[in-house]
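J.: Need coordinates for the below:
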Amino acid sequence: MRFPIKQTIAVARSIKKNKAEKRERFPLVLMLEPLHACNLTCEGCGRIREYADTISEQLPLEKCLKAIDDSSAPVVSICGGEPLLYKYIEELIDETLARGKVVYLCTNGTILDRKLDILKPHPMFNINIHLDGMEKTHDAIVQRPGTFRQVCENIRLAKKKGLTVCTNTTVYKETDPGEIEDLFHHLDMLGVDGMLISPGFDYKDVEDQAVFMTREEIAEKFGEIRKFAKNFRVWSTPLFLDFLAGLRDFKCSPWGNVTYNIAGWKAPCYLITDTHYEDFGEFMKAVDWNKYQAGEDARCRNCMAHCGFEATVAMQTSKSLKDMLRMAWWTIF
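T.: The predicted structure is shown next:
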């Protein structure tokens with residue numbers, strides 16, 4: 001199996017349950033940001049800039065758990081900021097797993113070695129480490145020399161402990177697809193369980209907008225990446241990669257990955273902020289989902305990020321026998 005079987009079943013059951021209850025919109029992933037503080041200042045990161053005023057604050061554990069319960073999403077992505085800096089991170093992971101959720105701990109990996117004593121292998125637990133290229137590129141993006149080697153060593157330590165480790169790579173305008181192939185080879189040798197990949201989103205708070213791509217540029221770059229992705233344990237679905245390469249057209253599902261952080265429920269989506277809601281039910285009712293699904297907002301023009309479109313793939317695959325068979329084959333092999 002490409003994915004741990006229990007995780008695949010958990011997501012499938014959630015989709016089936018919500019469809020049986022005639023719910024039109026429901027989240028598959030909760031992006032839970034218990035803090036926005038980070039020990040790196042990555043070039044393309046919008047969070048440390050957007051939430052600069054609350055960078056020193058952390059969510060109480062009780063609010064995190066309430067958000068998990070309110071959203072009912074089968075997958076909880078604990079991110080930030082750097083979540084390993086969160087003072088209740090051990091309790092948050094344990095409580096989330098106890099609720100039967102699939103957990104992704106999204107970390108830059110730099111202090112992972114210091115926290116391995118509190119992280120335990122579990123069939124529903126994944127460590128997701130961000131790497132944007134080989135050594136020279138990644139260290140330039142995070143603006144700290146030595147980070148790539150440090151993170152790779154921490155991946156080795158995590159795998160030695162028996163933890164499930166995947167990586168997440170953001171592709172920018174200057175990204176060389178050949179370097180991504182080299183990175184995948186390197187990660188394969190490190191023994192990572194899977195690799196996620198997605199184009200960057202053009203955050204307005206990032207000073208250098210030249211790092212981001214248009215949809216046409218994304219299609220060209222991912223057309224090359226798609227050719228070699230099949231040779232590796234890439235966890236980004238083949239239908240999503242088809243979409244990125246301009247071979248399929250999907251509508252966004254902005255409610256598929258909902259975000260809760262210090263300010264509340266982030267609206268309208270993980271990447272765009274107009275306001276925040278304290279109540280999940282109010283958030284789901286108040287947002288004009290049709291507007292963002294159709295990409296009518298100018299900020300959606302070049303967005304092809306996984307948080308909006310992988311959810312669409314997951315919820316629409318059952319409509320096509322060909323897509324179902326393709327996804328089943330890909331999941332198993």
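J.: any idea which element the closest residue to Phe228 other than its chain neighbours lies in?
T.: Nearest residue to Phe228 in three dimensions, chain neighbours excluded: Glu181, at 4.9 Å (C-beta to C-beta, 6 or more residues apart in numbering). C-betas here are computed from N, CA, C, even on glycine. Taking DSSP states H and E as the criterion, Glu181 maps to helix 177-190.
J.: Tell me which other helices or strands the following helix or strand past that helix touches.
T.: Downstream of helix 177-190, the next assigned helix or strand under DSSP H and E is strand 194-199. Helices and strands touching strand 194-199, by 3 or more C-beta pairs under 8 Å, 6 or more residues apart in numbering; DSSP states H and E, are strand 165-171, helix 177-190, helix 215-229.
J.: of all the ones you listed, which gets the most neighbours per residue?
T.: Comparing these by mean neighbour count (mean count of other C-beta atoms under 10 Å), strand 165-171 ranks first with a mean of 22.
J.: Walk me through which strands that strand pairs with, and which way each runs.
T.: Paired neighbours of strand 165-171 in the sheet (DSSP bridges): strand 125-130 (parallel), strand 194-199 (parallel).
J.: in the first one, what counts as buried?
T.: Pointing back at strand 125-130 there. Of the residues in strand 125-130, 125-130 count as buried by neighbour count, 16 or more other C-beta atoms under 10 Å.
J.: before we move on, back to that, of the strands paired with strand 165-171, which approaches Leu187 most closely?
T.: Each of those was scored for nearness to Leu187 using C-beta to C-beta, and the closest is strand 194-199 (6.0 Å).
J.: Mind listing what's buried along the lowest-mean-pLDDT helix or strand in the chain?
T.: The least trusted helix or strand in the chain, going by mean pLDDT, DSSP states H and E, turns out to be helix 47-50, with a mean of 76. For helix 47-50, a neighbour-count test (16+ other C-beta under 10 Å) marks 47-48, 50 as buried.
J.: Mind checking the pLDDT average for the helix or strand following that helix?
T.: Remark: after helix 47-50, the chain's next helix or strand is helix 61-71, criterion DSSP H and E. Computed over helix 61-71, the mean pLDDT rounds to 98.
J.: Equivalent analysis for stretch 248-262, please.
T.: Across stretch 248-262, pLDDT averages out at 96.
J.: Flag the shaky bits of the protein, pLDDT-wise.
T.: Residues of the chain that meet the criterion pLDDT under 70 lie in 43-44, 46, 203-210.
J.: residues contacting Ile332?
T.: 1-2 (C-beta atoms under 8 Å, 6 or more residues apart in numbering).
J.: Please apply the same query to Phe243.
T.: With contacts defined as C-beta under 8 Å, 6+ apart, the neighbours of Phe243 are 249-250, 304, 309, 313.
J.: could the residues you listed go into CSV alongside secondary structure?
T.: Compiled in CSV, the contacts of Phe243 are given as follows (DSSP: H, G, I helix; E, B strand; the rest coil):
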residue, secondary structure
Asp249, coil
Phe250, coil
Met304, coil
Phe309, helix
Val313, helix
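J.: Out of these, which is nearest to Arg13?
T.: Out of the contacts of Phe243, the one with the shortest distance to Arg13 is Val313. That distance is 17.5 Å, counting by C-beta to C-beta.
J.: so who does the residue nearest to the closest one when sequence neighbours are not counted touch?
T.: Leaving out its chain neighbours, the residue that sits closest to Val313 by C-beta to C-beta, 6+ apart is Leu239, at 4.6 Å. Shown in contact with Leu239 (C-beta under 8 Å, 6+ apart): 248, 250, 313, 317, 323, 326-327.
J.: Sitting in helices, which of the residues you listed do you find?
T.: Cross-referencing those against helices under DSSP state H gives 313, 323, 326-327.
J.: quick check, nearest of those residues to Thr137?
T.: When those are compared for distance to Thr137 (C-beta to C-beta), Val313 comes out closest, at 28.1 Å.
J.: all strands for this structure, in order.
T.: Remark: strands assigned in the chain by DSSP state E are 29-32, 75-78, 102-107, 125-130, 165-171, 194-199, 257-261, 264-268, 273-277.
J.: Reformat the ones you listed into JSON lines and put distance to Leu85 next to each item.
T.: JSON lines is the format used below for those (distance: least, C-beta to C-beta, whole Å):
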{"stretch": "strand 29-32", "distance to Leu85": "14"}
{"stretch": "strand 75-78", "distance to Leu85": "12"}
{"stretch": "strand 102-107", "distance to Leu85": "10"}
{"stretch": "strand 125-130", "distance to Leu85": "15"}
{"stretch": "strand 165-171", "distance to Leu85": "18"}
{"stretch": "strand 194-199", "distance to Leu85": "22"}
{"stretch": "strand 257-261", "distance to Leu85": "14"}
{"stretch": "strand 264-268", "distance to Leu85": "20"}
{"stretch": "strand 273-277", "distance to Leu85": "22"}
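J.: Kind regards, and thank you for your time.
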